[in-house]
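**Student:** Sharing a model prediction with you, sequence too.
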Amino acid sequence: PVFCVDNFFSDSDIEDYVSMIESNEGSSSAENKDAVQMSSPTFSSSLSLSRRTSTTWFCKYKSVATLLAKAQRLLNLDDLKQIEEPQLVRYLTGQEFSWHYDEIPPNQLSNGGQRLATLLVYLNDVDAGGGTIFRDLKSPISKSSKRNDDHNQLTVRPKRGRALIFFPAYKKDGTPDQRTLHKGEVAQDKKIIAQLWIHEREYKAAVPEGNFQSEAVDGVNKELSRLGLQ
């Protein structure tokens, strides 16, 4: 299943996270920063030889309490321990993330096991391009359509505040779901997203140095209370 939740982020939420990119632009040090800028990473895997041309900011957990609170409530998580480093990602005009899986390669499963869920939030509208396309999943309206199959691929369009949730692997045993091959199509305009992944087991963050889920607990509880989600 692939789910969309419109208005997952409010306008003020979006402004907070976009301003985080602006205030941390060019930062490769975590000192006094909420996020660290890096070239967008990809896994080296025989399953996914992808090309990615975006820019990523790895966020401190304590700096993204709203994202974590809403993710925890939406995905019914007991705590934050399984959550990978939250990220902010910016695609400029002409940038993309070609076909790839979100699954973790077998030789890298020691930290937290497999990714069970992907959550991303679009922080702006994109009028042309920039959609998230699933190669092997079809749009519900395509069942009665006679269009070419390439045009029936399930495509989620970037909409300001919209969340996209899907599941790269099965919760029962962590087996990857090969139907979730997807790409971020070439953006014809700037696209900004917030994203995180949920692992099978407790995950230890590597970036920025000294980044711990436990530091976000108080902030997340305050957000859950403020939002009426506790």
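**Tutor:** Right, received. Where do you want to start? The shown structure was predicted, so the numbers you read here are calculated from the model rather than taken from an experiment.
**Student:** The closest residue to residue 61 other than its chain neighbours: what's it in contact with?
**Tutor:** Excluding the flanking residues, the one nearest residue 61 by C-beta to C-beta, 6 or more residues apart in numbering is residue 216, at 3.8 Å. All C-beta spots, glycine's among them, are computed from the backbone N, C-alpha and C. If you count contacts by C-beta atoms under 8 Å, 6 or more residues apart in numbering, residue 216 has them with 61, 62, 64, 65, 68, 80.
**Student:** As JSON lines, the residues you listed with pLDDT would be great.
**Tutor:** Formatted as JSON lines, the contacts of residue 216 follow (pLDDT from 0 to 100):
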{"residue": "61", "pLDDT": "98"}
{"residue": "62", "pLDDT": "97"}
{"residue": "64", "pLDDT": "98"}
{"residue": "65", "pLDDT": "98"}
{"residue": "68", "pLDDT": "98"}
{"residue": "80", "pLDDT": "98"}
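**Student:** Inside strands: which ones of those?
**Tutor:** Among the contacts of residue 216, the subset assigned to strands under DSSP state E is empty.
**Student:** And the residues you listed, which is closest to residue 25?
**Tutor:** The closest of the contacts of residue 216 to residue 25 turns out to be residue 64 (C-beta to C-beta; 17.1 Å).
**Student:** isn't that closest one right next to residue 17, touching?
**Tutor:** Yes: using C-beta atoms under 8 Å, residue 64 makes contact with residue 17 at a distance of 7.4 Å.
**Student:** Those two: which has the busier surroundings?
**Tutor:** With neighbours defined as other C-beta atoms under 10 Å, residue 64 and residue 17 compare such that residue 64 has more, 27 against 24.
**Student:** how near is that one to residue 129?
**Tutor:** Residue 64 sits 27 Å away from residue 129, going by C-beta to C-beta, to the nearest Å.
**Student:** shared neighbours of residue 64 and residue 17, which are they?
**Tutor:** residue 194.
**Student:** Low-confidence regions, the chain specifically.
**Tutor:** The model of the chain has pLDDT under 70 over residues 26-32, 40-51, 141-150.
**Student:** could you pull out the strands for it?
**Tutor:** 3-5, 35-39, 55-59, 87-91, 97-100, 115-122, 132-138, 153-156, 163-166, 182-184, 191-199.
**Student:** can I get those strands in TSV with mean neighbour count?
**Tutor:** Below are the strands of the chain laid out as TSV (neighbours: other C-beta atoms under 10 Å):
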stretch	mean neighbour count
strand 3-5	14
strand 35-39	18
strand 55-59	23
strand 87-91	23
strand 97-100	18
strand 115-122	24
strand 132-138	16
strand 153-156	18
strand 163-166	22
strand 182-184	24
strand 191-199	23
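**Student:** Please tabulate those in JSON lines, including the columns distance to residue 208.
**Tutor:** Listed next are the strands of the chain as JSON lines, based on distance: least, C-beta to C-beta, whole Å:
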{"stretch": "strand 3-5", "distance to residue 208": "28"}
{"stretch": "strand 35-39", "distance to residue 208": "5"}
{"stretch": "strand 55-59", "distance to residue 208": "6"}
{"stretch": "strand 87-91", "distance to residue 208": "12"}
{"stretch": "strand 97-100", "distance to residue 208": "22"}
{"stretch": "strand 115-122", "distance to residue 208": "20"}
{"stretch": "strand 132-138", "distance to residue 208": "27"}
{"stretch": "strand 153-156", "distance to residue 208": "29"}
{"stretch": "strand 163-166", "distance to residue 208": "24"}
{"stretch": "strand 182-184", "distance to residue 208": "24"}
{"stretch": "strand 191-199", "distance to residue 208": "15"}
